[in-house]
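Student: Quick one: sequence plus predicted model below, questions after.
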Amino acid sequence: MKENKNRQFAVLGLGVFGSTVSKTLARYNCEVIAIDKDMECVSRMADIVHEAVQGDITDIHVLENAGVGDCDVAIVATGSNLEGSLLCILNLKELGIPFIVAKAKNKVYKQIFEKVGVDKVVRPEKEIGVETAKGLLNQSIIDMVDIDEDNSIIEVMVPKSWVGKTLQELDVRNRFRVNVLGVRYSNHRLDVTPYANYRLQTEDHLLIISKAESITKLDFLAYFFVIKHDKIRI
């Protein structure tokens, strides 16, 4: 994979989402070509990105002239105009862009974009809503990574009722059908081979992997997984 400063990104559409993506990539020294019809949006990005261009993203000649064909990744950041987004995606395919990301405003758009070959579809409003609700409902979750639709790895604070007990005594694999991958101690060191007789401390975190239906049996995670399985994380 190229270093950030050598990777080229095209951001097509400079609303709130597209502008945020452009600014973030630029902050990490990525070369960004940002395109939008609205000159005001383009002007705001002119001093931030490598190149800011006013133009119609559904016009393949505009994309070609801006150098989008040389980019490693293109982000279609419009999302609300299905026809326009599809035309832009087809243009990007024609230009041979290796990886295409598209914003979708709903599930139907997402399915259509996936069918035409978009590599990654994002629904920012839904994902932010889920993350916000998740944070409000459960303070035990430190981090979570979805492996697929059914399995996740999460880092959680040790429940109060588990403090002072050993992993062997808790027997979470047989009781809850979850596997403890490791323990992160209060000094932030992660131990992926904790001893079965180690007694959990108040400030410890657990790294757990399991199917979601098994993890919901843990009372302190139940709310989180009811929410989590209303979406797939990006």
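Tutor: That came through, no problem. Numbering: from 1, shown residues only.
Student: got the domain boundaries for this protein?
Tutor: Structurally, the chain divides into domains by automatic domain parsing as follows: 4-122, 128-228.
Student: mean pLDDT lowest for which of these?
Tutor: When the domains of the chain are ranked by mean pLDDT, domain 128-228 comes last with a mean of 74.
Student: and stretch 110-126, C-alpha only, in CSV?
Tutor: Presented in CSV, the C-alpha positions along stretch 110-126 are these (Å, rounded to 0.1, in the frame of the first residue of the first chain):
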residue,chain,number,x,y,z
LYS,A,110,-27.0,1.0,-0.7
GLN,A,111,-28.3,-2.1,-2.5
ILE,A,112,-28.2,-0.5,-5.9
PHE,A,113,-24.7,0.9,-5.4
GLU,A,114,-23.5,-2.5,-4.3
LYS,A,115,-25.0,-4.1,-7.4
VAL,A,116,-23.2,-1.7,-9.7
GLY,A,117,-19.9,-2.6,-8.1
VAL,A,118,-19.2,0.0,-5.4
ASP,A,119,-16.5,-1.4,-3.1
LYS,A,120,-17.7,0.3,0.1
VAL,A,121,-21.1,1.9,0.8
VAL,A,122,-21.5,4.2,3.8
ARG,A,123,-24.7,5.6,5.4
PRO,A,124,-23.2,8.3,7.7
GLU,A,125,-26.4,9.5,9.4
LYS,A,126,-27.5,6.0,10.4
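Student: Which residues belonging to it are considered buried?
Tutor: Of the residues in stretch 110-126, Lys110, Ile112, Phe113, Val118, Val121, Val122, Arg123, Pro124, Lys126 count as buried by neighbour count, 16 or more other Cβ atoms under 10 Å. Where C-beta positions appear, they are placed from N, C-alpha and C, glycine not excepted.
Student: out of those residues, which are inside strands?
Tutor: Val121, Val122 (DSSP state E).
Student: Turn the buried residues of stretch 110-126 into a markdown table, including distance to Asp47.
Tutor: Shown next, in a markdown table, are those (distance: Cβ to Cβ, whole Å):
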| residue | distance to Asp47 |
| --- | --- |
| Lys110 | 34 |
| Ile112 | 36 |
| Phe113 | 31 |
| Val118 | 30 |
| Val121 | 31 |
| Val122 | 26 |
| Arg123 | 30 |
| Pro124 | 25 |
| Lys126 | 32 |
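Student: Quick check: the farthest pair among the buried residues of stretch 110-126?
Tutor: Ile112 and Pro124 (17.4 Å; Cβ to Cβ).
Student: rewinding a little: considering the buried residues of stretch 110-126, which is situated nearest to Lys160?
Tutor: Lys160 lies nearest to Lys126 out of the buried residues of stretch 110-126, by Cβ to Cβ, at 32.8 Å.
Student: and that closest one, what pLDDT?
Tutor: Predicted confidence (pLDDT) for Lys126: 68.
Student: What is the neighbour count of Val53?
Tutor: For Val53, the neighbour count with other Cβ atoms under 10 Å is 21.
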